[in-house]
Structures are given as structure tokens and as C-alpha cells.
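Colleague: Here's a sequence, model it:
(one chain, ligands or ions: 1)
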Amino acid sequence: MAHDTRLTGPTAPAGGVRLRGLRRSYGGRTVLDGIELDIPQGGFTALLGHSGSGKSTLLRAVGHLDDGADGDGLVEVPEPSAVVFQDARLLPWARVLDNVVLGLPGPRDAALARGRAALAEVGLAGRERAWPGTLSGGEAQRAALARALVREPGLLLLDEPFGALDALTRIRMHALLRDLCARHRPAVLLVTHDVDEALLLADRVLVLTDGRFSLDLPLTGPAGPDRRGAPDFAAHRERLLAALGVPDGGGRGAPAEPPLSDSP
Ligand SMILES: Nc1ncnc2c1ncn2[C@@H]1O[C@H](COP(=O)(O)OP(=O)(O)OP(=O)(O)O)[C@@H](O)[C@H]1O
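Modeller: Numbering: from 1, shown residues only. Have a look, this model is predicted:
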């Protein structure tokens, strides 16, 4: 497959993500083969690829969360960074507010006030003293988003954060995430298997194949469900599915999605 090796301009705006020649391998097997990527502050990049193509490896490398990978290359990212995974990873023995403020620097009172504000922002006001085990899947992911955003991250890394949620909750979470990103403006890298999720949320979609980006699709216009009605939506979708080797628009996120409203 022909790979586009000139995916980014020479410089990223100050404060954003800048990767140059990023390589990672496990036991001599190359997973990332010289990745070049810029994400400006406020930019939202979605990353698609087959299972095992290296999406999480790339996300971990960007977040300096490598576990035993051999690697090299330049990784410049804004600090601090925060990660939200598919499972919320809340500590079950700590109340929701304590989970959100855990490890926050500064006086406890100020941290708690910030934590409460973050929980209110994600729609969990009143649930501060709840135990994580009493939250629904969507609520737990809201708490995980609050825990990430309370740190005012310059970089938000999202590893299939909505993959385990039902379709309606996912749509609500999309609206919430768009809203939070517009307000806080971190650089965002979203790993997802869902082509539509990528097309509705991101300003740029990349497909990772054989350690490189095999497709780089810039998207214009406001993110959100209205994009479905844009003239190029179907064409973008087809390009992404073709790059993923999915024949004829089949697979997850295929056209027959329910016409749900996107309001939170
Ligand atoms: N700690 C590790 N040790 C050895 N191999 C690893 C390790 N982490 C990942 N790999 C290998 O690297 C390759 C890429 O894995 P990665 O988890 O990045 O893929 P992915 O695209 O995120 O997959 P998925 O979509 O299934 O989550 C896989 O072949 C995987 O087995």
C-alpha cells in the first residue's frame, strides 16, 4: 500500500502535539514505523485502524505511557496530558469526587471546589458522594471525563472512551465531549473503531496501517450530527471504509444508524 509520508506541515502551532519519526516495536516487531503528526491546540484528531494496527501503542507513546516498547523519535506534547480509557478506571473504594480530585496539587479545599465544578460540567452535580459502583456506564465515563478535565489538560487522549456504551448514551457523550472541547480547547487524540464517531467529532481523521498513516482526511465545518447532512459525508465515509478494507460500507457504524437526536 502506498503511504503518504507528508502528512503534516513543518511546524505545529505552539503548544500542540508534535511527533517526528516516531517508532515503536515489541520484541523486534515494528508497530509504529516513523509516525509524523501535528495536532494544534484545540485540534481534534481521530485515529482509525484495524485491531492490532497500533492505535493504542501510538496513544500510549504520545502520553508517555509506554510499557516495554522499544522506541525512538520526537514526542513533544503539551502538559499536562490526561487519558480516558474505554473503562472509567475509577477507584471503587473512593467516592466520585475523591476520584476526580485524586492527585490534584494545591490545597484540598480548592481541589474539591474544582472537582465539584468539573462534575457539574459533565452533568454529575449531586453525585459527588456516590460510590463508583453505583454509577451507570455513561455516568462513570462522565466522571472519568471530569477527572481528566479538572487537570486542565493541554492534551486529551481518548482510547475508545465510548466503545462500551449503548448507542443513545454514546450520542449524548459525543455532544458533551464536543461541548467540553470547545470550552477547554485541549489538543485531542481519539482512538476509535467507529467511523461515524470519527467523522462527527474530529477535524482530521487518520487511518493507521502497517505502522504508518495510510489515509489523512481533513474535515471542515463545525463538528456534530449536522455533518451527516453534508454533501461529502457519504464520500468521506466510503474513503475511510475503503482504507480500512471494509467492503461496500459494511461493518460497525454502517449507514443504517437510528435517526437519534443529538441533544444531551
Ligand atoms: N506490551 C506489549 N507487549 C508486546 N506486544 C504488544 C504490547 N502492546 C501491544 N503489543 C502488540 O502491538 C500491536 C499493536 O497493539 P495495539 O494495542 O496498539 O493495537 P490497536 O490498534 O490499539 O488494537 P485494538 O484496536 O485491538 O485495541 C499488537 O500486535 C499487539 O499485540
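Colleague: How many neighbouring residues does Thr169 have?
Modeller: 17 (other Cβ atoms under 10 Å). (Glycine included, C-beta is placed from N, CA and C.)
Colleague: do Gly221 as well
Modeller: Neighbours of Gly221 (other Cβ under 10 Å): 10.
Colleague: can you pull the pLDDT of it?
Modeller: Listed pLDDT for Gly221 reads 91.
Colleague: Without its sequence neighbours, what residue ends up closest to Asp67?
Modeller: Arg60 (7.1 Å; Cβ to Cβ, 6 or more residues apart in numbering).
Colleague: where does that neighbour land in three-state SS?
Modeller: helix (DSSP: H, G, I helix; E, B strand; the rest coil).
Colleague: what does Ala125 give?
Modeller: Reduced to three states by three-state DSSP, Ala125 is coil.
Colleague: ok, it - contacts?
Modeller: Residues in contact with Ala125 (Cβ atoms under 8 Å, 6 or more residues apart in numbering) are Arg116, Leu119.
Colleague: any idea how far it lies from Leu119?
Modeller: Going from Ala125 to Leu119 by Cβ to Cβ, to the nearest Å gives 6 Å.
Colleague: Can you name the residues of the protein that neighbour the ligand?
Modeller: Tyr26, Val31, Gly49, Ser51, Gly52, Ser53, Gly54, Lys55, Ser56, Thr57, Asp67, Gly68 (Cβ under 6 Å from any ligand atom).
Colleague: Thr187 pairs with what?
Modeller: Actually, residue 187 is Ala. It isn't Thr. Leu155 (DSSP bridges).
Colleague: so what's the residue lying closest to Ser214 once chain neighbours are set aside bridging to?
Modeller: Using Cβ to Cβ, 6+ apart and skipping the chain neighbours, the partner closest in space to Ser214 is Val207 (5.1 Å). Counting by DSSP bridges, Val207 is bridged to Leu48, Leu215.
Colleague: residue boundaries of the helices in the stretch 1-150 of the chain?
Modeller: Assigned by DSSP state H, counting those that start in this stretch, the helices in the stretch 1-150 of the chain fall at 55-62, 96-101, 108-121, 137-149.
Colleague: Switch these over to TSV; also include mean neighbour count.
Modeller: Below are these laid out as TSV (neighbours: other Cβ atoms under 10 Å):
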stretch	mean neighbour count
helix 55-62	22
helix 96-101	24
helix 108-121	17
helix 137-149	23
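Colleague: SS state for the most centrally placed residue in the chain?
Modeller: Centre of the chain computed as the mean C-alpha position; nearest residue by Cα atoms, centre = their mean is Leu190, 2.2 Å away. Counting by three-state DSSP, the backbone at Leu190 sits in strand.
Colleague: hang on, isn't it packed against Leu201?
Modeller: Yes: using Cβ atoms under 8 Å, Leu190 makes contact with Leu201 at a distance of 6.5 Å.
Colleague: which residues are in contact with both of these two?
Modeller: Shared contacts of Leu190 and Leu201, counting by Cβ under 8 Å, 6+ apart, come down to Phe44, Ala46.
Colleague: What separation do you get for Ala69 and Arg23?
Modeller: Applying Cβ to Cβ to Ala69 and Arg23 gives a distance of 9 Å.
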